[in-house]
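K.L.:
give me a 3D structure for the following:
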Amino acid sequence: MKHYRILIVIAGIGAFVAMGMGLPYHKERNLKVLPKDISDAKLDSIMDSYTVALGVKCNFCHVPVKQGSDSLDFVSDSDPMKENARGMMKMVIDVNKNYFYFDKNTRPEYLNVINCNTCHRGEPIPKEK
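P.N.:
Numbering: from 1, shown residues only. Take a look at the predicted model:
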């Protein structure tokens, strides 16, 4: 009888752990330009395009977590380059929205008429011509 109770307790703990693992995980976000309902896949795709267009890595705009690990704190605004990037995103969205025809049903941040690579061409700071 005692073993039966232990087995029930272990099964109950296991069930709670399994339920917790099954819950959706919501990462904290700090989106000020891109839509708050953007999917993780679309957000990652956009961020990847920025790193390619500027020839940089994620740590160009994102700071390390304070605990000193190799992870980045994607929510933090402590690096001024992140706010600069937001300004550039707004500029690109504005240019695409106001100077090029686009489908009014498509969000302007998804347009690809001009993008970061138009000026940066793989350089963090665009070269003057």
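
K.L.:
and the helices in this protein?
P.N.:
Using DSSP state H, the helices found in the chain span residues 2-22, 40-54, 80-99, 116-120.

K.L.:
least reliable of the ones you listed going by mean pLDDT?
P.N.:
Mean pLDDT across the helices of the chain is lowest at helix 2-22; the value there is a mean of 66.

K.L.:
return the most buried member of the helices of the chain.
P.N.:
Most buried of the helices of the chain, by mean neighbour count (mean count of other Cβ atoms under 10 Å): helix 116-120, with a mean of 17. Where you see a C-beta, it was placed from the backbone N, CA and C, and this is true even at glycine.

K.L.:
CA atoms only for that helix, dumped as PDB, please.
P.N.:
Output in PDB follows, covering the C-alpha atoms of helix 116-120 (Å, rounded to 0.1, in the frame of the first residue of the first chain):
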ATOM      1  CA  CYS A 116      18.600  47.800 -45.300                       C
ATOM      2  CA  ASN A 117      20.800  46.300 -48.100                       C
ATOM      3  CA  THR A 118      19.800  49.100 -50.500                       C
ATOM      4  CA  CYS A 119      22.200  51.400 -48.700                       C
ATOM      5  CA  HIS A 120      24.300  49.300 -46.300                       C
END
